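Colleague: Quick one: sequence and predicted model below, then my questions.
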Amino acid sequence: MTTAHVPRAAILSPVATGVTVAVLALNLRPAVTSMGALLTRIETAADLSPVLAATLVSLPTWCFAVGGWAAWRLRARFGIRGVITAALAVLTLSLVARTLPGDVAILAGTTAACLAIAVLGALLPVIVRTATPSSAACYTACLGAGSALGALLTPTALAWQVGLGCWAILAAVALVIWIGSSRHLTALAGSARAVRVSPRTLFPRGTVATLTVHFGLLSAVTFVLMGRLAAILHAAGLTPAESELHFAAAMVLGVPVSLAVPYLTRRVPHTPLAISFAGASITGLTGLMISPASVTWLWTGLLGVGLGALGLALVDLGRRTRGDPDTTAALSSVVQGLGYTLAGVLALGIGLLETATGTWTWPLFALVVALVGQAMTGTTIGDVRTTPTSKEVPR
């Protein structure tokens with residue numbers, strides 16, 4: 001009796017893929033949620049102005065818009081392997097740089113970090129969709145875990161600089177792992193510099209527009225909550241420690257929800273899922289408006305469940321293109337680029353509205369309106385196709 005020989009690479013490839021996807025996804029949110037967890041403390045310690053604080057909350061969405069839109073062209077010009085390597089290097093350095101003294105350092109460092117995350121976030125769905133079947137679950141779970149870890153661990157640091165800067169270690173680890181495993185992954189994800197798909201060739205245009213608006217609305221809600229939920233709870237009468245604990249709990253709850261998203265999408269139609277996630281967030285925000293100090297755990301728990309909408313949207317980017325890496329990259333770039341632009345406008349407007357009114361009542365109402373729009377656009381999303389143009393993307 002003979003035993004079939006299984007090449008060592010065939011055994012290690014799924015493991016390497018899972019580890020790489022996990023560590024990349026873990027880096028997509030701590031830079032944002034760590035700032036949200038410490039923003040109130042930083043405002044006092046670093047004497048940030050209210051306008052700068054509002055800018056730091058909306059900044060990720062603007063950077064994600066620019067980086068998301070640029071990711072497709074960067075991949076076409078330099079290849080996915082080189083682009084992700086450079087993005088991880090920039091992320092590592094910028095997370096250290098934003099702990100240096102002065103408003104310019106924290107603003108510039110946060111901007112560079114968010115741009116790097118935007119490029120990673122736009123290209124990672126390409127790898128996830130073309131890798132192992134379990135990669136989608138790993139992706140969404142680690143995306144949620146990164147949010148939770150940034151919110152949960154950052155406030156435990158003795159100094160806010162340590163709390164923000166320690167995440168550079170995770171980015172450096174991701175860089176080392178990516179360099180070691182990227183050759184296999186980029187072969188799957190289409191590493192050629194010349195690709196035949198442009199965002200301009202995606203159709204139907206109405207579906208692409210609906211996806212973009214849907215992504216923009218849910219991103220605005222997500223990043224306002226990531227950046228300001230602790231401040232909202234503190235303004236409602238909770239102590240800073242209680243506010244940070246509730247914020248961390250909402251982020252932690254998002255982990256099992258994100259893990260369940262890929263499995264739910266195989267068994268439940270998209271529309272009920274989209275409406276359920278939006279409904280959970282609407283209920284949570286309404287509870288915070290009406291009675292924030294009563295059953296606060298329920299309201300923040302519902303918001304944690306609602307955060308699963310972002311994981312649903314990111315998984316859908318690959319599912320809507322039937323796994324083609326070039327089409328996935330083009331769709332991810334246009335949806336995240338323009339969607340985050342819309343999210344940036346809304347997030348900045350909500351921050352300025354709170355500054356102008358001195359209360360969170362009207363900003364929370366604006367978030368509820370955005371969630372209604374999120375639920376409506378989530379019911380009309382279909383598949384996206386493309387018409388190949390030429391052997392190389394027009395410069």
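Modeller: Arrived safely, thanks for sending.

Colleague: I'd like the distance from stretch 203-217 to the chain centre, please.
Modeller: 18 Å (Cα atoms, centre = their mean, to the nearest Å).

Colleague: What is the burial count for the residue lying closest to G227 once chain neighbours are set aside?
Modeller: Using Cβ to Cβ, 6 or more residues apart in numbering and skipping residues adjacent in sequence, the residue nearest G227 is V57, 3.6 Å away. All C-beta spots, glycine's among them, are computed from the backbone N, C-alpha and C. For V57, the neighbour count with other Cβ atoms under 10 Å is 24.

Colleague: Identify each buried residue in the helix or strand containing V57, please.
Modeller: Assessed by DSSP states H and E, V57 sits inside helix 50-78. Of the residues in helix 50-78, 52-76 count as buried by neighbour count, 16 or more other Cβ atoms under 10 Å.

Colleague: hang on, isn't A16 packed against S181?
Modeller: Yes: counting by Cβ atoms under 8 Å, A16 touches S181, with 4.4 Å between them.

Colleague: For the residue nearest to G227, report the pLDDT, please.
Modeller: V57 is assigned 77 on the pLDDT scale.

Colleague: Of all the residues in stretch 31-50, which ones are buried?
Modeller: Buried, per 16+ other Cβ under 10 Å, within stretch 31-50: 31-43, 46, 48.

Colleague: before we move on, what about stretch 321-336?
Modeller: Buried, per 16+ other Cβ under 10 Å, within stretch 321-336: 321, 324-336.

Colleague: Spatially, which two of those are the most separated?
Modeller: D324 and Q336 (17.3 Å; Cβ to Cβ).

Colleague: Report the contact partners of the residue nearest to G227.
Modeller: 36, 39, 223-224, 227-228, 347, 351 (Cβ atoms under 8 Å, 6 or more residues apart in numbering).

Colleague: and Q161, how many neighbours does it have?
Modeller: Neighbours of Q161 using other Cβ under 10 Å come to 19.

Colleague: if you go through this protein in chain order, where are the strands?
Modeller: 202-203, 385-386 (DSSP state E).

Colleague: Check the ones you listed for me: which has the lowest mean pLDDT.
Modeller: Among the strands of the chain, strand 385-386 scores lowest, with a mean of 68.

Colleague: Show me where the stretch 151-300 of the chain has its helices.
Modeller: Here the stretch 151-300 of the chain has its helices, by DSSP state H, counting those that start in this stretch, at 160-165, 167-189, 205-235, 240-267, 270-290, 296-306.

Colleague: most neighbours per residue, which of the ones you listed?
Modeller: Comparing the helices of the stretch 151-300 of the chain by mean neighbour count (mean count of other Cβ atoms under 10 Å), helix 205-235 ranks first with a mean of 23.

Colleague: Identify the residues contacting the closest residue in space to G144 that isn't next to it in sequence.
Modeller: Excluding the flanking residues, the one nearest G144 by Cβ to Cβ, 6+ apart is S258, at 3.3 Å. S258 makes contacts with 140-141, 143-145, 307-308, 311, as judged by Cβ under 8 Å, 6+ apart.
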